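> I would like to see how this sequence folds:
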Amino acid sequence: MKPIYLLILLLAGQLCSPTFGQQRLSQANQPKSTGAVLDIGVRLQKSINLYAENGITAQYTHPKLASSRLYIGLSYVSSPLGSALHSNAIKQNNYLVSASYYFRPKWLIQPVVKANVGYFAAHYGSPIFDALPRTSLLASPEFGLCYCPNFPLKINASIGYNLITGNGLSGPGTLYPVFVQTSITWNILKHAKN
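Below is the predicted model of the structure:
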């Protein structure tokens, strides 16, 4: 299944859920809150001086994980959902596992640090480029801010640095070091209150 169709299917499913509709439950029927958070949404990423890569992201926390300050997450971003959409730009995919720490949990805008590890794959589209490196491991710290209002929305903006990059001979030439990203997520475990 193409990534764009998977993204559309995921977002369509979320729009139909009661959380997005803010369906009100009676006090007797309200589920008991565990304090767990599962944020799901979109990640918009741009390598400085290169491609825009967009995709999906999810992160989870529980009160037992550093008082809900530590989040564990997964992200998938791809240039076919960004710069390579309807163009001849190189198609590349990033698969990330992350750990994020949110400072100042009572503040509306919270400082965030994140550590990502993952896998990068570029698809050059022609056999003439088969000799070039096309895959790499990923390791990148991110530093940013999160707008965390008192409802299930989070908007996170950060700058990151890929510690493993390439020059086209000793690694993929399209894996640039500096990137910026914005994630817009919704906590699907938080229900509306009466």
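> okay, CA-based contacts and neighbour counts for the rest of this
OK.
> Okay, and the beta partners of the spatially most central residue of the chain?
Against the mean C-alpha coordinate of the chain, by Cα atoms, centre = their mean, the closest residue is Thr57 at 3.4 Å. Thr57 has these beta-bridge partners by DSSP bridges: Gly41, Ser75.
> show me the contacts for it.
Residues near Thr57 by Cα atoms under 8 Å, 6 or more residues apart in numbering: Ile40, Gly41, Val42, Arg43, Gly73, Leu74, Ser75, Tyr76, Ser183, Thr185.
> redo that, cut-off 10 Å
The neighbours of Thr57, taking Cα atoms under 10 Å, 6 or more residues apart in numbering as the test, are 39-44, 73-77, 96-97, 183-185.
> got it, and Lys106?
Cys148, Pro149, Asn150.
> now the residue nearest to the second one when sequence neighbours are not counted: how far from Gln92?
Closest residue to Pro149 in three dimensions, ignoring its sequence neighbours and counting by Cα to Cα, 6 or more residues apart in numbering: Leu108, at 5.7 Å. Leu108 sits 35 Å away from Gln92 when distances are taken as Cα to Cα, to the nearest Å.
> what do you get for Gly171?
Taking Cα to Cα as the measure, Gly171 falls 13 Å from Gln92.
> which neighbours do these two share?
Taking Cα under 10 Å, 6+ apart as the criterion, Gly171 and Gln92 both touch Arg134, Thr135.
> Have a look at these two and say which one is more surrounded.
Applying other Cα atoms under 10 Å to Gly171 and Gln92 shows that Gln92 carries more neighbours, namely 22 against 17.
> Show me where the protein has its helices.
Applying DSSP state H to the chain gives helices spanning 3-15, 18-21.
> Compare the contacts of Lys106 and tell me which is most surrounded.
Ranking the contacts of Lys106 using other Cα under 10 Å puts Cys148 first, with 17 neighbours.
> Does that residue touch Leu108 like I think?
Yes - using Cα atoms under 10 Å, Cys148 is in contact with Leu108, at 5.4 Å.
> Gln110 touches Cys148, doesn't it?
Yes - between Gln110 and Cys148 there is a contact under Cα under 10 Å: 7.2 Å.
> Next, show the common contact partners of those two.
Asn156.
> tally of neighbours for Leu137?
Residues lying near Leu137 (other Cα under 10 Å) number 17.
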